[in-house]
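In: got a sequence here, can you model it:
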Amino acid sequence: MTTLLGGRRLPFVPSPQGRSAPGRPTSRGRVARAATVAGPALALAVLGRHHRWIGDDGLIYTRVVRQLLAGHGPVFNVGERVETSTGTLWVWLVTAATYVTRQDPATVAVLLGLALAVGGLALALLGTLELYGRPARVVPLGVLVLLPVQAVWDYATSGLETGLAFAWLGASWWALVRAARRSSAPDPSPQNPSSGRPFTVAAVLLGLAPLVRPDLALVAVVYAPVLWLVVRPGPRRTLTAAAAGLALPLAYEIFRAGYYGILVPLPAVTKEASWTLWDRGLVYLGDFTGPYRLWLPLAVLAAAGALLVRRTAPRGHRMPLVAAAPVVAGTATAVFVVKVGGDFMHGRMLLPSLFLILLPLFAVPWSRVTAAALAAVATWALSCAFLWRPAYHGGDGTYHVYDEHAGYVANTGQDHPVTQRAHADRRFLFAREVRGLRTAGTRTLLIETRYDRTVLKLPLAPRVPAAFVGVEARLGHAGTVIPLTDRAVDSLSLANPLGAHTPPVLFSKAGHEKPVDPAWLIADYTDPAPGESAPVRAARRALRCGAIAELQDSVRAPLTPARFWHNLTGAPARTALRVPADPLDAQRAFCGG
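Out: Residues are numbered from 1 along each chain as shown. This is a model prediction of the structure:
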């Protein structure tokens, strides 16, 4: 148990103090570790603040926040129970912070996201230092691969849940390592009730994974058995921790199924989270790794990590298993993102994967090997930070990926568009039309099917419980210019309960595969008129038939106890329901010809 690396004791071998080196830690060692944590966290805070912004998808969250604070419930539109947010916990955190601060929820989301991202990075570094027994001399290795990547700076804010995801990744890693360290102590004192607390805390954090983002459940699936293997709790502790970890996600899933009528957030249905589109996903992966030449530092870290484990991990010790967990989880999440076809925002969906893969090497004990690796990574980091940037229009010509931060800076004309007004004041034709029609006081259905091109203005049917309905592809923008009591309808189906259940028809841009046929919208929001087209007439009939009518009722009928139960029991079938995009085909399929 005394194998050496660079003249130092094995970092994976726990001493009675839970550290890799014998004796009490020196003040110099404490200062070095504090600097290793504080330095990268401060760097992320500065870089994230310099790139602070909120985009259209972040504004989808803020409209739900405003609906909650207005007393209308967790909905995008009054009178239509649709879960438009994949980051469930993020909605409630931004709502709470906005309620306390009374500030613009967009600005709150930007600042809260940055604070959580910085805190998550600090927790992750603390967890990695704990993995190696809090060594006195530390090399900040893997964190130097994360920080120079522009996508990290961009999505430290953006109004999306990435900051919360970083916080969860850091906290769950810290909890996993802490539980493993506590269980490997010479005398874990099983009779002491406090000895089981790290295990339970870790279990509760893992249970939050699907509420942070549904795809992070993959991380919990990898971490949970590792946690159990390294702690080896008895049956009672296992059941107690499992109950604590599953209580909140199961309770919310029951609420989701009864309130919204389906088993997953609506965007998961829209984006067909179970499908396979490897070619587009590989383009997305290349768009992320290519501009930064990420394969260079990852190859260096792989070699350094292999040498570190081979030379330092004692046979039969459990900490290498802990170190492998985030690498396996990060690889699994990256494969999942590639399998489903990636995303249209440069790097966003792969950032958690990169964070996880780098975690065990964020900061490592000093040795000749790690010092050499640091020199190589630092050379790459300088080039990445100052020279290499993603192209605004990415992809391969067939599939499209965008630098969203650069796009919204250009669209708003502001270096830091962090308020709702910054986006509402954009000179889009849709915004001007909305303001004009609402000033005139006319009950209107306004449909815009292409950017900056309004195609239809029709009178609303008296049955529609809104004074104005606007249909736009930029749902977050629409949500800022259309009042909460009116209806902002998504022509790309992220918030459209019928459109989300149609099959994809376009594949060039992730999340934009399901444009809604205007015939469905006309049939849904207007009364019959002479000379209507066959698709509109077919849509009117299909909306009253079978499973389509029941789908509409699940989100629009009053939420009585009977409706909640019907939604709950019918959620699996409703989630799997698919409706032909063409109203004529839908009529034949659901109305019997």
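In: what is the burial count for residue 436?
Out: Neighbourhood size, residue 436 [other Cβ atoms under 10 Å]: 12. For the C-beta atoms, the positions are set from N, CA and C on the backbone; glycine is no exception.
In: got it, and residue 553?
Out: By other Cβ under 10 Å, 14 other residues sit near residue 553.
In: by contact count, what packs against the strand or helix carrying it?
Out: Assessed by DSSP states H and E, residue 553 sits inside helix 546-556. Secondary-structure packing of helix 546-556 (3 or more Cβ pairs under 8 Å, 6 or more residues apart in numbering; DSSP states H and E): helix 561-576, helix 583-591.
In: want to throw these into JSON lines with distance to residue 64?
Out: Listed next are the helices and strands packed on helix 546-556 as JSON lines, based on distance: least, Cβ to Cβ, whole Å:
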{"stretch": "helix 561-576", "distance to residue 64": "19"}
{"stretch": "helix 583-591", "distance to residue 64": "29"}
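In: quick one: closest of those to residue 468.
Out: Closest to residue 468 of the helices and strands packed on helix 546-556 is helix 583-591 (Cβ to Cβ; 24.0 Å).
In: so where's the protein shaky on pLDDT?
Out: 1-26, 184-196, 311-317, 427, 450-454, 593 (pLDDT under 70).
In: circling back to that earlier point, tell me which of the helices and strands packed on helix 546-556 is the most buried.
Out: helix 583-591 (a mean of 19; mean count of other Cβ atoms under 10 Å).
In: and the contacts of that helix?
Out: The contact list for helix 583-591 (Cβ atoms under 8 Å, 6 or more residues apart in numbering) reads 517, 519-520, 523, 534-536, 538-539, 541-542, 544-548, 579-580, 593.
In: what about it, distance to the chain center?
Out: Averaging C-alpha positions (Cα atoms, centre = their mean, to the nearest Å) puts helix 583-591 35 Å from its chain's average.
In: send me it as PDB with only the CA atoms.
Out: Provided in PDB are the C-alpha atoms of helix 583-591 (Å, rounded to 0.1, in the frame of the first residue of the first chain):
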ATOM      1  CA  PRO A 583     -55.600  17.300 -41.900                       C
ATOM      2  CA  LEU A 584     -57.000  15.100 -44.700                       C
ATOM      3  CA  ASP A 585     -55.000  12.100 -43.500                       C
ATOM      4  CA  ALA A 586     -55.900  12.800 -39.900                       C
ATOM      5  CA  GLN A 587     -59.600  12.900 -40.800                       C
ATOM      6  CA  ARG A 588     -59.400   9.600 -42.600                       C
ATOM      7  CA  ALA A 589     -57.500   8.000 -39.700                       C
ATOM      8  CA  PHE A 590     -59.600   9.300 -36.800                       C
ATOM      9  CA  CYS A 591     -63.000  10.000 -38.200                       C
END
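In: residue 76: which of the helices and strands packed on helix 546-556 is closest?
Out: helix 561-576 (17.4 Å).
In: just checking, what packs against that closest one?
Out: So helix 561-576, by 3+ Cβ pairs under 8 Å, 6+ apart, packs with helix 235-260, helix 546-556.
In: closest to residue 291 out of the ones you listed?
Out: helix 235-260 (36.1 Å).
In: ok, and for the closest one, which residues are buried?
Out: Counting neighbours by 16 or more other Cβ atoms under 10 Å, one finds that the buried residues in helix 235-260 are 237, 240-241, 245, 249, 253, 256-260.
In: so residue 343: helix, strand or coil?
Out: coil (DSSP: H, G, I helix; E, B strand; the rest coil).
In: quick one: the residue located most distally from the centre of the chain and residue 288, what's the gap?
Out: The outermost residue of the chain, judged against the average C-alpha position, is residue 530 (46.5 Å), by Cα atoms, centre = their mean. With the distance defined as Cβ to Cβ, to the nearest Å, residue 530 ends up 53 Å from residue 288.
In: thinking again about what came up before, distance to residue 29 added to the helices and strands packed on helix 561-576, as CSV?
Out: Shown next, in CSV, are those (distance: least, Cβ to Cβ, whole Å):
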stretch, distance to residue 29
helix 235-260, 33
helix 546-556, 58
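In: grab the nearest non-local neighbour of residue 51.
Out: residue 153 (4.3 Å; Cβ to Cβ, 6 or more residues apart in numbering).
In: surely the one you found is in contact with residue 47?
Out: Yes: between residue 153 and residue 47 there is a contact under Cβ atoms under 8 Å: 4.3 Å.
In: neighbour count winner among those two?
Out: Between residue 153 and residue 47, counting by other Cβ under 10 Å, residue 153 is the more crowded of the two (22 against 19).
In: so how far is the strand or helix carrying that one off the chain centroid?
Out: With elements taken from DSSP H and E, the one containing residue 153 is helix 150-155. Relative to its chain's centre, helix 150-155 lies at 14 Å (Cα atoms, centre = their mean).
In: begin at 22 from here
Out: Got it, the first residue is 22 from now on, which makes the last one we talked about helix 171-176.
In: so which elements touch that helix?
Out: Short answer (3+ Cβ pairs under 8 Å, 6+ apart): helix 171-176 packs on helix 48-71, helix 372-379.
In: contacts only, for the closest residue in space to residue 483 that isn't next to it in sequence.
Out: Distance criterion Cβ to Cβ, 6+ apart; nearest residue to residue 483, sequence neighbours excluded, is residue 548 at 7.6 Å. Contacts for residue 548 (Cβ under 8 Å, 6+ apart) come out as 480, 482-483.
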